[in-house]
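[1] Sequence and computational prediction follow.
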Amino acid sequence: MRKRALLLGIHAEPPRWLQIVYMSIVPVIAIAGYYWISSNYLADNPHGKLLPSFMMMLRRFLVLTSFSGIDFELNWVWGFIPVPDITLIGSLFWGDTAISLFLRLLTGLTIASAVGLILGLNIAMFRTLQFLVLPWVTVLSFVPVVAVMPILLIVLGIGEEAKIVLIILGLVFIITLSMYEKTREIAQELLVNARTLGATDLGLTYRVVLPMVIPDLLQTMRLNMGIAWYCLLMGEAIAAQQGLGYRIFLFRRVGPDMAGILPYVICITLFAFAIYYLLGCIERRLFPWKTDGEKQ
């Protein structure tokens, strides 16, 4: 029997330690390359801000992530019982992260995924909707969200609604079309068997087909995570007073402060990868039959 290749070839299966080595090559080269370029740049321009050193970025990041102080206030209960009220004055970075990640990104992603799932599922199952809705969903999926941003600002203002709706518009049509295609790929034999057992239209759609396309929804969310971040940062750059995207463009205007911009960019990348990895773990944990079938 021919021995499997470890390094090269279509059927190569490197061991776990070698996989880690492979994944470390590009980051190590990138870090070493930036260190070399930055060192030469700062040697010629000691006060330059274009390519800060790792130590400069670390110091700047610690300032941005640290709490700026403590607000102490003494309150009185019933007029004679002193109760101290101690409040940490929050850091810029963690405040920006909470606003961008939880209030805007995850809200928009969740709404777009739910709407896209239901819409795509029903379009695929009911032929009337394929003629009534599908052409318009396809056309609207081609509209750049950049062109829609001024309209959202006029209609919704500069509040949170405009930024969340921007994320929804950037994702919902893509998710709808993806769910439509995934639903159409389901074997017709399964649907016929469900019909034979007495399933109604709604029962067939939501009790048989819906659980089968949930793993595909998670995959679609993972693959379109970059679009969600793009819409978020674009909205924050144009109309926001707080957020990761707002802070990056603020550093560009007042500096440019590359020692503040680069740590933010790195953290955004790590946040995006963490969400991508978390969705993958949820898919493998809740739907092992899907991942096992793809491996085979």
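    That came in fine, so what should we check first? Residues are numbered from 1 along each chain as shown.

[2] Could you give the number of residues near Thr110?
    Close neighbours of Thr110, defined as other Cβ atoms under 10 Å, add up to 13. Every residue, glycine included, has its C-beta placed from N, CA and C.

[3] For it, give its distance to Asp216.
    Applying Cβ to Cβ, to the nearest Å, the value for Thr110 to Asp216 is 17 Å.

[4] quick one: low-confidence ranges for the stretch 51-200 of the chain?
    67-91 (pLDDT under 70).

[5] Recalculate using a threshold of 50.
    69-72, 77-78, 83-89 (pLDDT under 50).

[6] in it, which spans are strands?
    69-77, 81-89 (DSSP state E, counting those that start in this stretch).

[7] which residue ends up closest to the midpoint of this protein in space?
    For the chain, Met225 is the residue whose C-alpha lies nearest the centre (Cα atoms, centre = their mean; 3.9 Å).

[8] which ones are touching that residue?
    Applying Cβ atoms under 8 Å, 6 or more residues apart in numbering to Met225 gives the contacts 272, 275-276.

[9] Assumed Leu210 was part of a strand.
    No: the assignment for Leu210, made by DSSP: H, G, I helix; E, B strand; the rest coil, is helix rather than a strand.

[10] Let me see the contact set for it.
    Counted by Cβ under 8 Å, 6+ apart, Leu210 has contacts Leu121.

[11] 10 Å instead?
    By Cβ atoms under 10 Å, 6 or more residues apart in numbering, Leu210 lies in contact with 117-118, 121, 125, 183, 204, 217.

[12] Quick check on Thr200: phi, psi?
    Dihedral angles phi and psi of Thr200 (degrees, to the nearest 10) take the values phi -80, psi 180.

[13] just checking, it touches Arg207?
    Yes: in this structure, Thr200 is within contact of Arg207 by Cβ atoms under 10 Å, at 9.2 Å.

[14] Name the residues contacting each of those two.
    Here Thr200 and Arg207 have Ala194 as joint contacts, going by Cβ under 10 Å, 6+ apart.

[15] the helices in the stretch 51-200 of the chain, which residues?
    54-65, 92-97, 106-125, 127-132, 134-140, 145-156, 160-184, 188-196 (DSSP state H, counting those that start in this stretch).

[16] Which of these sits closest to Pro263?
    Pro263 lies closest to helix 54-65 among the helices of the stretch 51-200 of the chain, at 4.2 Å (Cβ to Cβ).

[17] Just list what the closest one packs against, helices and strands only.
    helix 16-44, helix 92-97, helix 244-254, helix 258-286 (3 or more Cβ pairs under 10 Å, 6 or more residues apart in numbering; DSSP states H and E).

[18] In the last one, which residues have enough neighbours to count as buried?
    Which is helix 258-286. 258-264, 267-268, 271-272, 275, 279, 283 (16 or more other Cβ atoms under 10 Å).
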